[in-house]
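Enquirer: need the 3D shape of this:
(one chain, ligands or ions: 1)
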Amino acid sequence: MIQYYADLTRLEMEHLDRANTVVMIPLGATEQHGSQAPLGTDALIAGAMPEYIKAELEKADPGYPMLIFPVIPVGFSVEHLRFCGSISFKPDTYYHMLYDITASLAKHGFRKLVFLVCHGGNRPVVDTVARQARADFDILPFVLSSGAFFHPDVQATISEGNTFDFHGGEMETSMAMAIRPSAVKLELSETGYKTAYAGKKAIRFSGEHALTWMGGDFTTSDGRPIGIGGDPSGATAEKGRIILEISARELVPALLEIRDW
Ligand SMILES: [Zn+2]
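Expert: Predicted structure coming up:
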């Protein structure tokens, strides 16, 4: 059964088979997503993904033992701090906050944790927490990235001509529209380009050989820092539902392996 962690009473928690229950911790962020999408885009996605996951997972295993932990709405978003409204933990603050949650869960006998990363910038800190917690508590902290952005059916949602869709672009804006349509101001959409990396062949904005990107590296065509990549103007709620559904479905094989680990 998939339930929300915070809905359980203490007594229900005491009676739960905690050693075999997966605790999924959705990790969002509160950071700028351009002029058109809300600051809470990643936190909205972190809140919605577990519902989509629940729907997909229950098709495979109606009795899947999982508790969904409350969304952590702030993450490591230093790359966006120059833009108004963005909030970031420092890496050590974020690390210790997640570590302490993990320690508490381990103390109560949970062994299987899933950090659901809904903001890519969180990933390095989360990987570090997961590895240290695995060593310290002899538990299994899995790290799953949300968002099957390279799945062909997700790529197919991107409008023609929108050749580089990244942070705050069409895909993310579509997801925000599927979840909280009133928070998206699509008419204010502007396209963001990875200007600082234009013409560079060996160094990329992430990956093997990289200069870790900052929001200001991404600008409008006239050079104004915008901190998003892509043209969000073609976003729709229907595209967002498709992306959320496929992203959830793509997590099912991993979650089934976690159940049996
Ligand atoms: Zn985002």
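Enquirer: can you check the pLDDT for the closest residue to the ion within the chain?
Expert: For the chain and the ion, the shortest gap (C-beta to the ion) falls at D42, measuring 4.1 Å. Every residue, glycine included, has its C-beta placed from N, CA and C. Looking at D42, its pLDDT reads 98.
Enquirer: biggest helix in this protein, by residue count?
Expert: Criterion DSSP state H: the longest helix present in the chain is helix 237-260.
Enquirer: S88: neighbour count?
Expert: Number of residues near S88 (other C-beta atoms under 10 Å) recorded here: 19.
Enquirer: that one against V78, yeah?
Expert: Yes: at 4.9 Å, S88 counts as touching V78 under the criterion of C-beta atoms under 8 Å.
Enquirer: neighbours of the residue found closest to E245 once you drop the neighbours it is linked to in the chain, how many?
Expert: Excluding the flanking residues, the one nearest E245 by C-beta to C-beta, 6 or more residues apart in numbering is Y52, at 6.0 Å. As a burial measure, Y52 scores 21 neighbours (other C-beta under 10 Å).
Enquirer: chain center to the helix or strand containing R123: distance?
Expert: Secondary structure from DSSP states H and E places R123 in helix 123-137. Remark: helix 123-137 is offset 17 Å from the chain centroid, using C-alpha atoms, centre = their mean, to the nearest Å.
Enquirer: please enumerate the strands of this structure.
Expert: 2-4, 22-27, 66-68, 112-117, 140-145 (DSSP state E).
Enquirer: G47: which of those is closest?
Expert: G47 sits nearest to strand 22-27 of all the strands of the chain, at 6.8 Å, using C-beta to C-beta.
Enquirer: next, the angle from that closest one to helix 237-260.
Expert: 140 degrees (axes from the mean of the first three to the mean of the last three C-alpha atoms, to 10 degrees).
Enquirer: coming back round to it: any chance of CSV for the strands of the chain, columns mean neighbour count and distance to the ion?
Expert: What follows is the strands of the chain, written out as CSV (neighbours: other C-beta atoms under 10 Å; distance: least, C-beta to the ion, whole Å):
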stretch, mean neighbour count, distance to the ion
strand 2-4, 16, 23
strand 22-27, 24, 12
strand 66-68, 23, 20
strand 112-117, 25, 11
strand 140-145, 19, 12
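Enquirer: and these as a markdown table, adding mean pLDDT and distance to L211?
Expert: Listed next are these as a markdown table, based on pLDDT from 0 to 100; distance: least, C-beta to C-beta, whole Å:
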| stretch | mean pLDDT | distance to L211 |
| --- | --- | --- |
| strand 2-4 | 98 | 41 |
| strand 22-27 | 98 | 25 |
| strand 66-68 | 98 | 37 |
| strand 112-117 | 98 | 22 |
| strand 140-145 | 98 | 22 |
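Enquirer: show me the residues around the nearest residue to T128 once chain neighbours are set aside that make contact.
Expert: Spatial nearest neighbour of T128, excluding adjacent residues (C-beta to C-beta, 6+ apart): Y95 at 6.4 Å. Under the criterion of C-beta atoms under 8 Å, 6 or more residues apart in numbering, the contact list for Y95 reads V125, T128, V129.
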